[in-house]
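**Q** Structure for the following, please:
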Amino acid sequence: MIKEIEVGKVIHFYTKIKVAAIKILNNELRVGDKIHIKGHTTDFNQVVESMQKEHQQIEVALPGEEIGIKVSDYVREGDIVYKVIEE
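**A** Numbers count the residues shown, from 1 in each chain. I've put the predicted structure just below:
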């Protein structure tokens, strides 16, 4: 069974480097987690390969933090980020 938990929201997208700035709202997000980014025209899954907070590599992002992750496709401000949990 696959479950999705909302963890954050895209607050900015850096087109040239394909990095999404994400505000973590619920739960935590870890390197290696599978995420689903969904919005008006966005809908794809990927694994979090690396995360940065203030240009420093981090392993875990907690609620309230703003992080950057490299994404495999275009995202838009307001897109929702879900953590995919396979049970």
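**Q** Tell me which residues are up against the longest strand along the chain.
**A** Using DSSP state E, we find that the single longest strand of the chain is strand 2-14. Contact with strand 2-14 is made by 19-29, 35-37, 39, 66, 68, 71, 74-87, as judged by Cβ atoms under 8 Å, 6 or more residues apart in numbering. In short, each C-beta sits where N, CA and C put it, glycine included.
**Q** Buried among these? Make that a PyMOL selection.
**A** A single PyMOL command selects the buried members of the contacts of strand 2-14 (16 or more other Cβ atoms under 10 Å):
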select buried, resi 19+20+21+22+23+24+27+29+35+36+37+68+71+75+79+80+81+82+83
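**Q** Contacts for stretch 61-69, please.
**A** Counting by Cβ under 8 Å, 6+ apart, 11, 14, 19-30, 48-53, 58 sit against stretch 61-69.
**Q** try stretch 16-32
**A** Residues contacting stretch 16-32 (Cβ under 8 Å, 6+ apart): 5-14, 35, 37, 47-51, 59-72, 74-75, 79, 81, 83.
**Q** In helices, which of these appear?
**A** Taking DSSP state H, every one of the contacts of stretch 16-32 sits outside helices.
**Q** So how do I select the buried members of these in ChimeraX?
**A** To isolate the buried members of the contacts of stretch 16-32 in ChimeraX, using 16+ other Cβ under 10 Å:
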select :7,8,9,10,13,35,37,48,51,61,65,67,68,69,71,75,79,81,83
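**Q** Tell me which of the contacts of stretch 16-32 fall in strands.
**A** Per DSSP E, the contacts of stretch 16-32 map to strands at 5-14, 35, 37, 47, 51, 60-61, 66-70, 81, 83.
**Q** Give the helix, strand or coil label for residue 21.
**A** Following DSSP: H, G, I helix; E, B strand; the rest coil, the label given to residue 21 is strand.
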